[in-house]
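> Take this sequence and fold it.
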Amino acid sequence: MRKMTGVLAFIVCIPMVGTILVKPEKDDWGRDENDTSVMDESFVICVEEDTGTYYYRPERMTELSLYRIIPEDTIFSSSQDYIVLEDTVYDPEQEYLKALSVVCRTNIAAAWEQQQRPAQLDYSQIAFGADAFYKILRDDVGGAGRPADDSMQIKLNEIKQAVDATKGAVITRDGRVITAPFFTTTPSDMLVGRAGDGAGFSLNYAYDLALGGMNFYEILMYFYDDIRVMIYE
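Purely as a prediction, here's the structure:
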């Protein structure tokens, strides 16, 4: 069973103003106070579930999708343990989650563009293969299904940190947002081949890369060929 340790992460919020376009990438990955994204205010995702129809903003959908596609045997801890590698203190758990956050957000943005940027995007167009998001929201606010040990809340908190830290970031190739396939442990239309062959993001191996010292940008570069990670504006 895989165990991931929870640690502190610095969160940088990005205001959402401006026009929709993609800014040239900085050296490797970085952003400043001038980086903005309006994607979250541009449309909603419509999800038909057993209990009704729900509408989510892209960043919220990124959180919920990330929660669903993380392997079930991944356990988050509330301890604040850091890893030191070559005199650098870093958080492999957050680097892993940030990389996966960018993958989820990228697929949402790609589906939106493919559908000609509608004000309301049908969730079925994203093809994540995960649902029952309302149950996550129920547990997030302390509903009847919330685990007694708060393990779900710990997981949700770690995910929120990672999504916020990469807010607006998507994967592009030749100036366009791509569809970013990934390996998941549940049935999905996006299942692909071997890790590291340019075919997609491996949820299990990505964490091993984070433990080996890669940051989230380097992890994404490992799995996808000739890409850039940019703020979608």
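> Quick check: next helix or strand after the helix ranked longest in the chain?
In the chain, assigned by DSSP state H, the helix with the most residues is helix 92-114. Next helix or strand after helix 92-114 toward the C-terminus (DSSP states H and E): strand 120-122.
> what mean pLDDT does that following strand have?
Computed over strand 120-122, the mean pLDDT rounds to 96.
> List the buried residues of it.
L121 (16 or more other C-beta atoms under 10 Å). (C-beta placed from N, C-alpha, C; glycine too.)
> how many other residues sit next to D225?
D225: 10 surrounding residues under other C-beta atoms under 10 Å.
> Tell me, what's the model's pLDDT at it?
If you check D225, the pLDDT there is 81.
> That one looks like it's in a strand, true?
No: secondary structure of D225 (DSSP: H, G, I helix; E, B strand; the rest coil): coil, not part of a strand.
> Next one: it from E41, what distance?
32 Å (C-beta to C-beta, to the nearest Å).
> which residues in the chain form helices?
Counting by DSSP H, the helices of the chain are 39-42, 58-69, 92-114, 133-140, 151-165, 203-211, 216-223.
> Is it possible to get CSV of the ones you listed that adds mean neighbour count and distance to E49?
Below are the helices of the chain laid out as CSV (neighbours: other C-beta atoms under 10 Å; distance: least, C-beta to C-beta, whole Å):
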stretch, mean neighbour count, distance to E49
helix 39-42, 18, 21
helix 58-69, 23, 11
helix 92-114, 25, 17
helix 133-140, 17, 6
helix 151-165, 20, 18
helix 203-211, 19, 24
helix 216-223, 22, 30
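> Export those helices as CSV, with columns for distance to D174.
CSV is the format used below for these (distance: least, C-beta to C-beta, whole Å):
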stretch, distance to D174
helix 39-42, 20
helix 58-69, 22
helix 92-114, 14
helix 133-140, 33
helix 151-165, 26
helix 203-211, 24
helix 216-223, 16
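> By mean pLDDT, show me the worst of the ones you listed.
helix 133-140 has the lowest average pLDDT among the helices of the chain, namely a mean of 74.
> tilt between that one and helix 58-69?
Counting by axes from the mean of the first three to the mean of the last three C-alpha atoms, to 10 degrees, helix 133-140 points 90 degrees away from the direction of helix 58-69.
> circling back to that earlier point, now the angle from the longest helix of the chain to helix 151-165?
60 degrees.
> Restricting to C-alpha, output helix 92-114 in CSV.
Output of helix 92-114 as CSV, limited to C-alpha atoms (Å, rounded to 0.1, in the frame of the first residue of the first chain):
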residue,chain,number,x,y,z
PRO,A,92,7.3,15.3,-3.3
GLU,A,93,3.7,14.8,-2.4
GLN,A,94,2.8,18.4,-3.5
GLU,A,95,5.0,18.1,-6.7
TYR,A,96,3.1,15.0,-7.6
LEU,A,97,-0.2,16.5,-7.0
LYS,A,98,0.7,19.7,-8.8
ALA,A,99,1.7,17.8,-11.9
LEU,A,100,-1.6,15.9,-11.8
SER,A,101,-3.5,19.1,-11.3
VAL,A,102,-2.1,20.5,-14.5
VAL,A,103,-3.0,17.3,-16.3
CYS,A,104,-6.6,17.5,-15.1
ARG,A,105,-7.0,21.2,-15.9
THR,A,106,-5.4,20.7,-19.3
ASN,A,107,-8.0,18.1,-20.3
ILE,A,108,-10.8,20.4,-19.1
ALA,A,109,-9.4,23.3,-21.2
ALA,A,110,-8.8,21.1,-24.2
ALA,A,111,-12.4,19.7,-24.1
TRP,A,112,-13.8,23.3,-23.8
GLU,A,113,-11.8,24.5,-26.8
GLN,A,114,-12.8,21.5,-28.9
